[in-house]
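Colleague: got a predicted structure plus its sequence, pasted below:
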Amino acid sequence: MGLPVSFESVYSRFLIKKLIMKKNSRKLKYKGYLFFLFVVLSVGVYAQNSTNNNEKEISYADLVGKLTDMKAIAELPEPGEKSEMWSSYDRDSKIDSAGNFIDWAANIDGLEPQYIRKEGENEVLAEMEEPGAIVRIWSASPKEGKVKIYIDGKEMPVINESFIDYFSTDIAAFDFNQLVYETSARGYNNYVPIPYNKSCKIVAEPGWGQYYQFNYISFPNGTKLEQFDPQLKQEHQAALAEANTFFNNKLGSFPYASDDFEKTSKEISLKPGEKATAIKLQDAGAISAMKIRVKDRDSASISELLRKTSIEIKWDGKEEAAVWSPLGDFFGTSPGWNEYKTLPMGMTEDWMYAYWYMPFSKGAELIFENKFDEEVRLELEIKHEKINKGIEKYARFHAKWHRNLEPLPEDRWPDWKLLETKGKGRFVGTHLLVWNPKGGSCSLAGPGHYWWGEGDEKFFIDGENFPSTFGTGTEDYFGYAWCDPSEFQRAYHSQTQDNANMGYQPMNRWHIIDNIPFQESFDGYLEKYFPNEWPTQYATIVYWYLDPEGEDYLEEVPMEERYGYETPYDVFRKEGVVEAESLNIKENSGGWANNTDAFANEKLYNEVSGHKMLFWVAEKGKENMLNLRFTWPESGNYTVYGNFINAVDGGSFRINLNGDSLGFIKTKSSGDKLEVKRKKIGEVELNAGVQELKIKREGTEDTRETLRLDYLEFVEK
């Protein structure tokens, strides 16, 4: 690095003077030069430091490095750091100047246009000022309409592609299948960073799709980010490829660049009711990895053991724990042992692991307690290092499990408190376990709320008047969509059980590059439309970093609230029938068909088997055919019955089985009420094996006609 220009010119002039100095004055002149050199160098260094502080440069490779940098998120945030989101949340939700919450439960997040403003026919979806980067793009239904990203006031967009192509690896900038993907649970995600230095505007043309989220991070003023080129320079390609390769081949392994950490292993046996310190570290340092194996693991009792055994971590000799959680929940899934891998957390066949960077200045203490009725044997392995300098720049890791905190005022409904904390730090994620045995709709929540995952996330930072993160649905926050209960695992999110939205739903979301910094406070909520008595019950563990003097209000949860809290419910099921939700939809010639998550109205739950149905909205103005398949185990002659739900928008349908016409069914109700009717369809001879069922809409009237089929019943003649 060269010297400051002002010093170089002064130094040149000094050398010229030095050549003509007289010998008898050389010492005096030399001393004067040394003093002058000291002053100018000091000014130069100060100027250089000022430049570094106010004009920090971030290369694209450095920005991409934040995708996997577990150590950086433990650092206290600088003033000016932010993490926010633009989304298609319902704009009817407002907070007026007096602080009143207006239409706070509004829920038309994507069923009508939700944007900042229109420019001609186009919609402005997002606008950002200050240096920053888009770090996550999500959608439930991206389409062919173009979405344009303009940066730094330029007239030409840096990206101008169909929105669906933002989630395709066919584009060079997005050709990284672990950063750009659709989950098996139907959510579209893109984690390729797109930086800008002054501003960013995202504009969508008509036909872009339905639902969007753009998460972005902001840097302190004066930060300079390397320009983004969607064609990708070689070094940019290499940086993204490195992260993609790690997520593709090494997810679940130690994510730190260096493995120069000390390893401490310990086995501990806890008798029922026993609490003991397993590992105690001294002085200043940090834990970078924690792995725990449950020895003599019994699959029949593991759920109870993991919930009744707790982990507690204390930093710096403090009496209050910064970490407290049931053991299994701490590692990001429950109930029981569910194998999955994400970047910071996971469960393998043998180990539970956590790779959070956890600094401390005056020691650390890992404590375990057994409230299970049998002995618990654990094998522990941690990696840790000493920190000789710079411990003051780090926050302390916090993680707390809870279920129901104090309720909020009525005008805040349906907000459910996730975390409220004060101080300086970063929010880095949550594990949420939903118990929802009934599934489906719930009129207790008000009209239009047909499943538990409608609830948006709302994050208020540093006392802001309106949340800078306002989501579009709980499943959207966790990176999937359309209430799809399928299991998936990716670096930053996962869903570890699939119970068809009727039972447990465990899911994770980690904020790594998109961690949410706060200088004074973090107040985070999820909307919870379904009440506990439905029963829809939540349990969560929240993860965040907090300065050593910050305020953590969460406390240990008593055992009676920790295990066995779920309100039981037995779902009505008709034995020996073919459930319509199990039918395989092979072809639909028109309209919209759904049988994976189509729930009947809650008032019919005692009559509708499994609460679900095949729901077909036939296309207006044309004949429609729905082709379905199922397997029947025994050959014979049968009378076929169907359990249908008649409704005011019902229609007329002809049913054909294996090429034979069975009969003609009408599903229009006599009034405006829903009616469950068991109807004889016809008689048929079946051979065991795969059966083909065709349902045809009769007529071409320009009206909406629906078919709601609960099950088929075959009675042997």
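Modeller: Okay, I see it.
Colleague: and the gap between the residue nearest the centre of the chain and residue 455?
Modeller: The centroid of the chain falls nearest to residue 478 when counting by C-alpha atoms, centre = their mean (2.7 Å). Remark: distance between residue 478 and residue 455 (C-beta to C-beta, to the nearest Å) = 11 Å. Just so you know, the C-beta spots here come from the backbone N, C-alpha and C atoms, and that holds for glycine as well.
Colleague: after the helix or strand containing residue 248, heading C-terminal, what element do we hit next?
Modeller: If you go by DSSP states H and E, residue 248 is part of helix 234-249. The C-terminal neighbour of helix 234-249 among helices and strands, as given by DSSP H and E, is strand 262-270.
Colleague: and the end-to-end length of stretch 582-601?
Modeller: This stretch, stretch 582-601, spans 19 Å end to end (C-alpha to C-alpha, to the nearest Å).
Colleague: cool, stretch 653-669 as well?
Modeller: End-to-end distance of stretch 653-669 (C-alpha to C-alpha): 14 Å.
Colleague: do the same with stretch 84-98
Modeller: End to end - C-alpha to C-alpha - stretch 84-98 spans 24 Å.
Colleague: nearest residue to residue 631 other than its sequence neighbours?
Modeller: Excluding the flanking residues, the one nearest residue 631 by C-beta to C-beta, 6 or more residues apart in numbering is residue 690, at 5.6 Å.
Colleague: ok, now residue 490?
Modeller: Excluding the flanking residues, the one nearest residue 490 by C-beta to C-beta, 6+ apart is residue 183, at 6.6 Å.
Colleague: can you give me the distance of the one you found to residue 687?
Modeller: Per C-beta to C-beta, residue 183 is found 39 Å from residue 687.
Colleague: thinking residue 460 is in contact with residue 518, fair?
Modeller: No - the pair residue 460 / residue 518 is not scored as a contact, 9.3 Å apart, by C-beta atoms under 8 Å.
Colleague: what about the two, which has more around it?
Modeller: Taking neighbours as other C-beta atoms under 10 Å, residue 460 and residue 518 compare with residue 518 leading, 29 against 20.
Colleague: now the more buried one: closest residue in space that isn't a chain neighbour?
Modeller: residue 461 (5.0 Å).
Colleague: pretty sure the one you found is touching residue 522, no?
Modeller: Yes - counting by C-beta under 8 Å, residue 461 sits close enough to residue 522 to count as a contact (6.4 Å).
Colleague: and the helix or strand harbouring residue 421, what does it pack onto?
Modeller: Assigned by DSSP H and E, residue 421 belongs to strand 415-422. When contacts are defined as 3 or more C-beta pairs under 8 Å, 6 or more residues apart in numbering; DSSP states H and E, strand 415-422 packs onto strand 425-436, strand 521-527, strand 537-546, strand 551-552.
Colleague: in what helix or strand does residue 500 lie?
Modeller: Per DSSP H and E: residue 500 is located in neither a helix nor a strand.
Colleague: list the buried residues in the helix holding residue 248.
Modeller: 236, 239, 240, 241, 243, 244, 246, 247 (16 or more other C-beta atoms under 10 Å).
Colleague: what is the burial count for residue 683?
Modeller: Neighbours of residue 683 under the rule other C-beta under 10 Å: 14.
Colleague: quick check, residue 479 in a strand?
Modeller: No - using DSSP: H, G, I helix; E, B strand; the rest coil, the assignment for residue 479 is coil, not a strand.
Colleague: measure the closest residue to it other than its chain neighbours to residue 584 for me?
Modeller: Leaving aside its sequence neighbours, residue 479 sits nearest to residue 493 (C-beta to C-beta, 6+ apart; 4.0 Å). Separation of residue 493 from residue 584 (C-beta to C-beta) stands at 29 Å.
Colleague: residue 700 now?
Modeller: In terms of C-beta to C-beta, residue 700 sits 27 Å off from residue 584.
Colleague: OK, contacts around residue 259?
Modeller: residue 383 (C-beta atoms under 8 Å, 6 or more residues apart in numbering).
Colleague: quick check: phi and psi on it?
Modeller: phi -110, psi 30 (degrees, to the nearest 10).
Colleague: distance check, residue 140 against residue 204.
Modeller: Distance, residue 140 to residue 204, using C-beta to C-beta: 15 Å.
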